[in-house]
Structure formats: C-alpha cells, structure tokens
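Peer 1: One predicted model, sequence on top.
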Amino acid sequence: MPEYTVLTVFAVVSVVVAELVYFKTGIFSTAQYWLSIAIIFAFQIPVDGWLTKLSAPIVIYDPEEILGLRTPWDIPVEDLGFGFAMVTLAILLWRRWLDRRPSPKEDRPQP
C-alpha cells in the first residue's frame, strides 16, 4: 500500500481511537464538531483542488505513494483524511486544555 495512504489511515484511526479511548470528549456526537468539519472542508476543497488539479498542478504527488482516488477537483482522497485527522486532533487538544484550565474562582486568592 502506498506510504501516504498508510500514514493517512494511521492518522485517522489514531485520532478516532484517541478520542474514544483517551480524550472521551464526545465531540463526534456534537453538531458543532461536524459543522466545523464541514466549514473546514468547504475551504480545504477549493484550495486543495487548485493546488492539486491534474490540468496544472502546483503540488505533485508521486503516483506510487497515493491510491490514485481523487475527489472533487482532483484532490487525492488522502488529503481529506489527513485534514480530518489534523483538525480533529487540534480540537481534541484544545478541548483538553480548556478542561484543565482553572476556573476564574480558583484563580482568586481566598481571604
């Protein structure tokens, strides 16, 4: 299997398992999360499509390192998986950081 494909599958599976086993934030069951993914893909698809379009590519992938499946505007399917994993991990880490911050009441010295 091509290297970029293997790494993308590993990233997606790792982030999903991290959420379900370690972080346990429940983001996959929230409309906010899926709306944020839709917004990100709404920007990623045109930009990535412009960068990887087969008619005049700016970014060229080694055909032996990807599956060759391309989604709208010639985007390698691996790019969408990698984008999903990267954004999801960023959200998970952000949620973890927010959950560990002391509340404003805890910051105040007690008399």
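Peer 2: Nice, thanks for sending it over.
Peer 1: can we go C-alpha only for contacts and neighbour counts from here?
Peer 2: Will do.
Peer 1: any chance you could map the strands in the chain?
Peer 2: For the chain, applying DSSP state E gives strands covering 70-71, 75-76.
Peer 1: packing partners for the longest helix along the chain?
Peer 2: Looking across the chain with DSSP state H, the single longest helix is helix 77-100. Identification of packing neighbours for helix 77-100 by 3 or more Cα pairs under 8 Å, 6 or more residues apart in numbering; DSSP states H and E yields helix 3-17, helix 31-52.
Peer 1: how about a cut-off of 10 Å?
Peer 2: Where contact means 3 or more Cα pairs under 10 Å, 6 or more residues apart in numbering; DSSP states H and E, helix 77-100 is packed against helix 3-17, helix 31-52, strand 70-71.
Peer 1: Could you export those as JSON lines, including mean neighbour count, distance to V77 and mean pLDDT?
Peer 2: Output for these, formatted as JSON lines (neighbours: other Cα atoms under 10 Å; distance: least, Cα to Cα, whole Å; pLDDT from 0 to 100):
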{"stretch": "helix 3-17", "mean neighbour count": "16", "distance to V77": "9", "mean pLDDT": "97"}
{"stretch": "helix 31-52", "mean neighbour count": "14", "distance to V77": "11", "mean pLDDT": "96"}
{"stretch": "strand 70-71", "mean neighbour count": "16", "distance to V77": "5", "mean pLDDT": "92"}
